[in-house]
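*Asks:* What follows is a predicted protein model with its sequence.
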Amino acid sequence: MKKTLYLMRHGQTLFNSRRKIQGWCDSPLTELGIKQAETAGAYFKDNNIVFDHAYCSTSERASDTLELVTDLPYTRLKGLKEWNFGTFEGESEDLNPQLPYGDFFVQFGGEDQKDLQLRIATTCQQIMEEDNEVVLAVSHGAACRNFMRYWEHTSSISQQVRIGNCCILKFEYEKKEFKLVEIINHNLSDIVQV
């Protein structure tokens, strides 16, 4: 049976607006971030999308976003957390190395890219193996991007699409595989479908 996962990035935060590396550290949603989450919530409501369950990362910016999107009870999961950037967290984004990051952050107490991909992929599979058909999961930019990369072999949507704040990635889940079928960016006018 085909199931649906809506994997969403949190709304804009103070660190996003100041171009700071966030990772496992946290900062609050901005006024714009609150509006982005409310707009995403309206998108789901206007399209009659009803969730069986909702999940989010343990970071406050993710749970605050989720609470603005739906009033459903939810579960916080460490597996949905952002990439751990080690001692780079809280620093300027200008210090990031060239892509791909790979294992760069490991030497600074952070996480290897492959470990991040496996963590988020395993977490999302466990979520979908529960008694859920339609799920909302609020996570983070690099975590969402790496989940897309992990499943790019099953999807035909371009990986080059920007994942803005409150971007929604719609995945179909069947036979233990995810397939990206739609990308709805934060302004909700940029919709990519297959």
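*Replies:* Yep, that arrived.

*Asks:* From here on, just use CA atoms for contacts and neighbour counts.
*Replies:* Fine.

*Asks:* Please, where are all the helices along the chain?
*Replies:* Per DSSP state H, the chain carries helices over the ranges 14-17, 31-46, 60-69, 113-129, 141-150.

*Asks:* what is the mean pLDDT for the longest one?
*Replies:* Across helix 113-129, the average pLDDT comes to 98.

*Asks:* what angle sits between it and helix 141-150?
*Replies:* Angle between the axes of helix 113-129 and helix 141-150 is 80 degrees (criterion: axes from the mean of the first three to the mean of the last three Cα atoms, to 10 degrees).

*Asks:* Packing partners of helix 113-129?
*Replies:* helix 141-150 (3 or more Cα pairs under 8 Å, 6 or more residues apart in numbering; DSSP states H and E).

*Asks:* returning to that earlier point: want to try CSV for the helices of the chain, with mean neighbour count and distance to residue 96 as columns?
*Replies:* Formatted as CSV, the helices of the chain follow (neighbours: other Cα atoms under 10 Å; distance: least, Cα to Cα, whole Å):
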stretch, mean neighbour count, distance to residue 96
helix 14-17, 17, 14
helix 31-46, 18, 23
helix 60-69, 23, 22
helix 113-129, 17, 14
helix 141-150, 21, 13
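
*Asks:* what would those helices look like in CSV with distance to residue 80?
*Replies:* As requested, the helices of the chain are exported to CSV (distance: least, Cα to Cα, whole Å):
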stretch, distance to residue 80
helix 14-17, 18
helix 31-46, 18
helix 60-69, 9
helix 113-129, 6
helix 141-150, 7
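
*Asks:* residues contacting residue 155?
*Replies:* With contact taken as Cα atoms under 8 Å, 6 or more residues apart in numbering, residue 155 is in contact with 179, 180, 181.
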